[in-house]
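# Have a look; sequence and predicted model below, questions after that.
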Amino acid sequence: MTPEPPSRTSTDDAMPGPPPGCPAHGTGPGGLRRLYGPEAEDLEALYEKLRAEHGAVAPVLIHQDVPMWVVLGHSENLHMVRTPSQFTRDSRTWTAFKEGMVAPDHPLMPHFAWQPICSHAEGDEHLRLRGAVTGAMSTIDYRGIRRSINRSTQLLANRFCEDGEADLVSEFADHLPMAVMCEVLGMPEEYNERMVQAARDMIKGTETAIASNEYVMGALVRLTARRRAQPQGDFTSHLINHPAGLTDDEVSQHLRVVLIAAYEATANLLANVLRMVLTDPRFRAQLNGGQMTVPEAVEQSLWDEPPFSAVLGYFAKQETELGGQRIRKGDGLLFGIAPGNVDPRVRPDLTANMQGNRSHLAFGGGPHECPGQDIGRAIADTGVDALLMRLPDVQLACEEHELRWTASLASRHLVELPVKFAPKPPQDVKQRPRAHPVPDPHQEWEITSPTPAPAPGQAAQPSAPQQPVPEPEPAGTGTGTDTVTATATTPGPERRLGAWQRLLRWWRGH
Ligand code: HEM
């Protein structure tokens, strides 16, 4: 009987190859490619090299030369996340962990360290914890969320609309998900610059990350205690009162998972969609022509630039085969969302418009599939929609090639998105819908289309004297009245509101 070849990600690896760390080869022990350091500066290109060399599943080294598999194929990734009998998210079963290869100060430790939360649990315990999270989510009123997204968008836009310029990452995308999630959880008073910075700091893992984590946890522990004593109608109260009977510690830990997962991913998504809408001629042209809706732009972005590029990680529960590779019990695998989304077997032409197709891997799949995807999509769709309505002449204020990203194995974050537009007056978000002059149908079409980008080098046109621009979804600005209902039943400015409805339909592509 032929002896089994050693698993290329197992710790007893003994493949011939260049000496460890050989800089001439850019590879590490066993000749494996590193997913960190200089060779991994362009991760996209590295994944394609690995695909060409190994196919859908490739052996690699992560920081400190810990061996792992990276799953590159779309169907192989789906198979892994959908087969809990073979793969688990419980890192305590990882051979590299058990054999002490992953030092406590490993840079990816925050991703791997097991915690008693739904993301790492499995079986009945996963059902119990996740059941409480999804149960609480099922009570969320989506119309209320859209109102909150709209109101927060208006408030954020008020901070910069008079300046005629803004950085849409630090002044908008980083803020909107936090403002909305603080409201959903039941602590709108905790939303502030400090909370946004603390969440970002925790994710970056800087030396102040521990203090930032304590700041966020402090707010969540206080919220848990308040709602335990006096439940209300918010997410936290429903989480506490769910029949799964979560302890206070479990409640606050899950509030943290929800807040941070929602914040980081949705902030990335918002920034990516805004960049796409501002820079990609396909979208600009299609939005102007009325064929590409904002939700379609969101879905395209989830394919091309998934907010989480990989999930670290999954672990083999038994000896198995994946993508032609022999995986040993205890091997670690990266759920490769970004490389899976560009698998040439599902996307032979990467420039093709995905037209709202939702079969990307951005939200994962199987038992751990993201339970908050509708909220993430709602924040991106409504936020981008409302911002474009508010700043119809917005355009990029730098060359596209000047945009920079910070990237890690797990995610990619746009550093800045500088834009310019003609200065606009702030909007009173508490005010009831204002009476706007009724535009004739032709003007309405022109006004509501995003202004085409001027030729390179041509400055934005000043707005004054401005055409009357419809305000974004007026009843969603803190009046507590649902926009659609209110506009449908208000007898007064019927013709204007009818135009608004038509505008929204056109904008959303119906
Ligand atoms: C665009 C936004 C979002 C993206 C791209 C995203 C993506 C993901 C991904 C990839 C996972 C891991 C799946 C896996 O392990 O296989 C996940 C898990 C999770 N997400 Fe999201 N997410 C987003 C927004 C949200 C929001 C808004 C919430 C909450 C309101 C949320 C709550 C969670 C939770 C609780 C889990 C863990 C689920 C479990 O392990 O059972 N996410 N998300």
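Good, I have the coordinates.
# hey, let's count contacts and neighbours off CA atoms from now on
Noted.
# my guess is residue 273 contacts residue 295, does it?
No: look at residue 273 against residue 295 with Cα atoms under 8 Å: they stay out of range, at 9.7 Å.
# Look at those two and report which has more neighbours.
residue 273 (24 against 21; other Cα atoms under 10 Å).
# Which positions in the helix or strand hosting the more buried one come out as buried?
For residue 273, the element it lies in under DSSP states H and E is helix 248-279. Residues of helix 248-279 classed as buried: 250-256, 258-279 (neighbour count, 16 or more other Cα atoms under 10 Å).
# Show me what from this protein comes close to the ligand.
Residues of the chain lying close to the ligand by Cα under 6 Å from any ligand atom are 81, 118-119, 130, 257-258, 261-262, 265-266, 269, 307-308, 362-365, 368-373, 375-377.
# Return a ChimeraX selection command for the buried portion of those.
Only the buried members of these enter the following ChimeraX selection, criterion being 16+ other Cα under 10 Å:
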select :81,118,119,130,258,261,262,265,266,269,307,308,362,363,364,365,368,370,371,372,373,375,376,377
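# Among the residues of the chain next to the ligand, name the ones in helices.
Judged by DSSP state H, the residues of the chain next to the ligand include 81, 130, 257-258, 261-262, 265-266, 269, 373, 375-377 as members of helices.
# Quick one: residues contacting residue 352.
By Cα atoms under 8 Å, 6 or more residues apart in numbering, the contact list for residue 352 is empty.
# where does it land in three-state SS?
Of the three states, residue 352 takes coil under DSSP: H, G, I helix; E, B strand; the rest coil.
# quick one, what contacts the nearest residue to residue 259 once chain neighbours are set aside?
The shortest distance from residue 259 to any non-neighbouring residue, by Cα to Cα, 6 or more residues apart in numbering, is to residue 181 (6.5 Å). For residue 181, the contact set (Cα under 8 Å, 6+ apart) comprises 259, 262, 263.
# Unless I misread the structure, residue 181 falls within a helix.
Yes: counting by three-state DSSP, residue 181 is located in a helix.
# Pull up the gap between it and residue 370, please.
16 Å (Cα to Cα, to the nearest Å).
# go on, residue 377?
According to Cα to Cα, residue 377 stands 12 Å off from residue 370.
# For the stretch 101-250 of the chain, give the residue positioned nearest to the ligand.
In the stretch 101-250 of the chain, the residue that lies nearest the ligand is residue 119 (3.1 Å; Cα to the nearest ligand atom).
# Grab the nearest non-local neighbour of that residue.
residue 368 (6.7 Å).
# Please, where are all the strands along the stretch 351-500 of the chain?
Along the stretch 351-500 of the chain, counting by DSSP state E, counting those that start in this stretch, strands occupy 395-396, 405-407, 412-414, 418-420.
# OK, contacts around the residue nearest in space to the middle of the chain?
Nearest to the geometric centre of the chain sits residue 265, at 2.4 Å (Cα atoms, centre = their mean). Residue 265 sits next to 307, 308, 376 when contact means Cα under 8 Å, 6+ apart.
# With residue 335 instead?
Each residue near residue 335 by Cα under 8 Å, 6+ apart is listed here: 70, 71, 77, 81, 310, 311, 312, 313, 314.
# Checking residue 69 next. Helix, strand or coil?
At residue 69, secondary structure determined by three-state DSSP is strand.
# Tell me, what's the model's pLDDT at it?
Note on residue 69: pLDDT of 98.
# give me the beta-bridge partners of it?
Counting by DSSP bridges, residue 69 forms beta bridges with residue 59, residue 333.
# where's it relative to the ligand, distance?
According to Cα to the nearest ligand atom, to the nearest Å, residue 69 and the ligand sit 16 Å apart.
# mind listing what residue 419 touches?
By Cα under 8 Å, 6+ apart, the contact set of residue 419 is 165, 166, 167, 168, 394, 395, 396, 397, 398.
# From residue 101, how far off is the residue nearest to the last one when sequence neighbours are not counted?
With sequence-adjacent residues excluded and distances taken as Cα to Cα, 6+ apart, residue 398 is closest to residue 418, at 6.6 Å. Spatial separation of residue 418 from residue 101 under the definition Cα to Cα is 43 Å.
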